[in-house]
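S.K.: structure of the sequence below:
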Amino acid sequence: MISPSDFTTAPSRASRRLSTVIEPGRGPTTATTRGSRTIRRGQNSWPPAGSSAGHQRAGFVTAHGQFHMAVNSATAEAEKARSIGFSEYAERWVAFIRAEPNRSGRKRAIATVRSYKSKVDGYLIPEFEDTPIRQIDEARIRQMTDRLDAIPSPLNPRSKFNGITRPVLIVLMMILRQAAREGVIPAAPNISIPKQEPVRHDADHDEDEDVASPEQVEALYEATPGHWAIMVLFAAWCQLRRGECLGLQRRDIEWHDDGTATLHVRRQLNANTGDYSERLKSDAGRRTLSIPKLMIDRLKDHLRDNVAAEAKAPLIPTNIRGSVPLSNTRWGYVWADARDGVADLRPRFRFHDLRHTGLTIFAQEGATLAELMRRGGHADIRVVLRYQHATMARDRELADRMSDRVQERINAARTA
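M.R.: Below is the predicted model:
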């Protein structure tokens, strides 16, 4: 141990000298002589091995070395992370979002993850490949955006918007923001996300333009290939969404003794996976509807001629009496051809507008907002308020009829 007396007096420079000392069995050591004390350094340095001070010094040296090793390792790992290529990081990101919950604490749906992955595999990885993620800046992203904008719409090549650029850029933004949170890049570059443009509506759009006449609905039915034409009637007169139409099976039609029928909406065809899904747009989407009598005979013919006998056979099969439902993508092409075949139909009339047509006519017949919500499978009354103008028109008609009848009675009483 070092005693305080060892530091009470400082030896003079003359009294300090270095020498090499050779001792039997110990080998050469370098020694410093301070007055009468010799401190050896080297193979057998002071403090003596085995002493308490020796253990402390050895422990300090070991811990100090481990600390530096850890720092160096962390620095190397950080540098490696900052140099990671886009392809590798994007694959890690897909695995991350598949396992981690979203902001609401819920695990992401399989279809959502598949949709993100399709953007990564189909557009982002081919664009960036192994480019270090920290080299992806605003200029590089603008180059990619220009290339994406040049891709024609898969469903309507004449369309100004291809439906590709915006979702791909959104996924890229999510990846880069996660990289910034992890410290891979200092900050995510700014990405100009195109505004979600309406398919055809402008500032002067009149919602009445979304409503087809019964004659136009009939013309659309006639213009659609026979084994798929029933889709038009389900959308217009049962007010179904596209995925709900494609998700129908034979067992969803319940026939009654009086010849009427009930439709049970239980599932939809997922546009991303192509599989049946019992997760409808909302809980209100699961509903039971009366099938209007104007389509009963056509529905019977369709079931007889086009639908397989099994209970789970799709009502809208890809092939006549087939077991595979028609896909959303294939129906998009069928619908575009049918719509273009109706001369007096407003340009770019959407399939979803048939549903709006049916609900508007339903409202004109006096349906309340609650009845419209139930019929359309709406969970939010604010969505149904768009049909209020139709219910008010019906209300005005009934008020005028009441007024006329009352006025007739008053006039008759005066002349009596």
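
S.K.: ok so Arg374 is a helix residue?
M.R.: Yes: counting by DSSP: H, G, I helix; E, B strand; the rest coil, Arg374 falls inside a helix.

S.K.: how about the contacts made by it?
M.R.: By CB atoms under 8 Å, 6 or more residues apart in numbering, the residues touching Arg374 are Ala284, Arg287. C-betas here are computed from N, CA, C, even on glycine.

S.K.: can you check Ala367 too?
M.R.: Applying CB under 8 Å, 6+ apart, the residues near Ala367 are Arg375, Thr391.

S.K.: pLDDT score for it?
M.R.: pLDDT, Ala367: 85.

S.K.: just give the closest residue to the most centrally placed residue in the chain, not the sequence neighbours.
M.R.: The residue lying closest to the centre of the chain (CA atoms, centre = their mean) is Thr112, at 4.4 Å. Once flanking residues are discounted, Thr112 sits nearest to Asn272: 7.9 Å by CB to CB, 6 or more residues apart in numbering.

S.K.: also Lys293?
M.R.: Thr260 (7.0 Å).

S.K.: same deal with Lys119?
M.R.: Nearest to Lys119 is Val171, by CB to CB, 6+ apart, at 4.3 Å.

S.K.: for Ile164, see how far away the one you found is.
M.R.: 11 Å (CB to CB, to the nearest Å).

S.K.: who's more crowded, the two?
M.R.: Val171 (21 against 17; other CB atoms under 10 Å).

S.K.: residue contacts, the more buried one?
M.R.: Tyr116, Lys119, Val120, Leu124.

S.K.: same check on Glu91?
M.R.: Val120.

S.K.: can you pull the contacts of the closest residue to Leu248 other than its chain neighbours?
M.R.: In this structure, Leu248 finds its nearest non-sequential neighbour in Leu315, 4.0 Å apart by CB to CB, 6+ apart. Leu315 is in contact with Ile230, Leu248, Gln249, Arg250, Asp252, Ile253, His302, Leu303, Val307, counting by CB under 8 Å, 6+ apart.

S.K.: got it, and Asp404?
M.R.: With the criterion set at CB under 8 Å, 6+ apart, Asp404 makes contact with nothing.

S.K.: run the chain-centre distance for the host helix or strand of it.
M.R.: For Asp404, the host element (DSSP states H and E) is helix 388-415. Distance, stretch centre to chain centre, for helix 388-415: 52 Å (CA atoms, centre = their mean, to the nearest Å).

S.K.: same check on stretch 224-241?
M.R.: 28 Å.

S.K.: gap between the two ends of that stretch?
M.R.: 17 Å (CA to CA, to the nearest Å).

S.K.: buried residues in that stretch, which are they?
M.R.: 224, 227-241 (16 or more other CB atoms under 10 Å).

S.K.: and the two most separated of those?
M.R.: Farthest pair in the buried residues of stretch 224-241 (CB to CB) is His227 and Gln239. Separation: 22.1 Å.

S.K.: now Glu278: closest residue in space that isn't a chain neighbour?
M.R.: The shortest distance from Glu278 to any non-neighbouring residue, by CB to CB, 6+ apart, is to Arg267 (5.0 Å).

S.K.: quick check: mean pLDDT of the helix holding Asp404?
M.R.: Across helix 388-415, the per-residue pLDDT values average to 83.

S.K.: and if you look at stretch 333-353?
M.R.: 87.

S.K.: what residues sit buried inside it?
M.R.: Buried positions in stretch 333-353, judged by neighbour count with 16+ other CB under 10 Å: Val334, Trp335, Ala338, Arg339, Val342, Leu345, Phe349, Phe351, Asp353.

S.K.: the fourth one touches Leu220, doesn't it?
M.R.: Right, Arg339. Yes: the pair Arg339 and Leu220 passes the contact test of CB atoms under 8 Å, sitting 7.0 Å apart.

S.K.: who touches both of these two?
M.R.: By CB under 8 Å, 6+ apart, Arg339 and Leu220 have these common neighbours: Leu345.
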